[in-house]
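> Sequence first, predicted coordinates after that:
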Amino acid sequence: MDALSDPVGVSPETPPALPPTQVRDLGRRTYEPVWHAMQAFTDARTADTPDELWLVEHDPVFTLGQAGKDEHVLFPGDIPVIHVDRGGQVTYHGPGQIVLYPLLDLKRLKVGVKDYVHRIEQAMIDTLADWNIHAERLDGAPGVYVNGAKIGALGIRVRRGCTFHGLAFNIAMDLEPFQRINPCGYQGLQVTSMLDLGGPSGLEAVKPVLIGHVARQFGLQVEAAPPPTF
């Protein structure tokens, strides 16, 4: 049988290296301008646009995904409720929570949507393990849990193979607003935070660890960049 081989002295073509992923810390922001900015980034990007990871701490807000039902918002009080274009039901964002928006080209990374979700969850699980907190997934309920209580939520959107929206990771926050909703559409779902489990009392210790685990999950080379202007 004849075998097809490369010509002598010619190396197989290697894929071009991915551009560094820009890590942008937006600090504390209201929700809607950040949402619209990541929509605009995703709509404007091309095949050559570097991926970005946006870290943000939001002012208090409830967000309802595309399948979200108003009945799961029990008594919002003075916290605004916004219908958004991600998957999932209702969740809460507020001070003391890391929200990470991975703006990734899954086609370029050769990662499927299901695998993307799994890797994002794993990055949170690995981050918690660094503080000796054992976390796990639950079948049929995306996110990350410790002893049945949710500590990390996911709500994603993929457009033309590129991701936006992302994860919310409870670090050191007032959990009372979660009592005003059925978190992620589950009545009576318990919610916890790293601080309640013996973890750090602030976000700054966790951010670089989480980014490191996300980078490892996707094979990203990351570099710090200024926050976007909008």
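Ah, there it is. All figures in this text were calculated on a predicted structure; none of them were measured in a lab.
> Can you check which strand is longest in the chain?
The single longest strand within the chain, with elements called by DSSP state E, is strand 149-159.
> Remind me what it packs against, helices and strands.
helix 113-129, strand 141-146, strand 162-170 (3 or more CB pairs under 8 Å, 6 or more residues apart in numbering; DSSP states H and E). (Glycine included, C-beta is placed from N, CA and C.)
> From the chain's centre, how far out is the second one? Work that out for me.
Yep, that's strand 141-146 we're talking about. 13 Å (CA atoms, centre = their mean, to the nearest Å).
> could I get it in CSV with only the CA atoms?
Extracted in CSV, the C-alpha atoms of strand 141-146 (Å, rounded to 0.1, in the frame of the first residue of the first chain):
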residue,chain,number,x,y,z
ALA,A,141,-28.9,22.7,36.7
PRO,A,142,-26.0,24.7,35.1
GLY,A,143,-23.7,26.4,37.5
VAL,A,144,-21.5,25.5,40.5
TYR,A,145,-22.7,24.3,43.9
VAL,A,146,-21.3,23.7,47.4
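> tell me the contacts of the nearest residue to P60 once chain neighbours are set aside?
Spatial nearest neighbour of P60, excluding adjacent residues (CB to CB, 6 or more residues apart in numbering): G94 at 4.3 Å. Contact partners of G94, counting by CB atoms under 8 Å, 6 or more residues apart in numbering, are 58-61, 173-174, 177.
> Any buried residues in the longest strand of the chain, and which?
Buried positions in strand 149-159, judged by neighbour count with 16 or more other CB atoms under 10 Å: 149-158.
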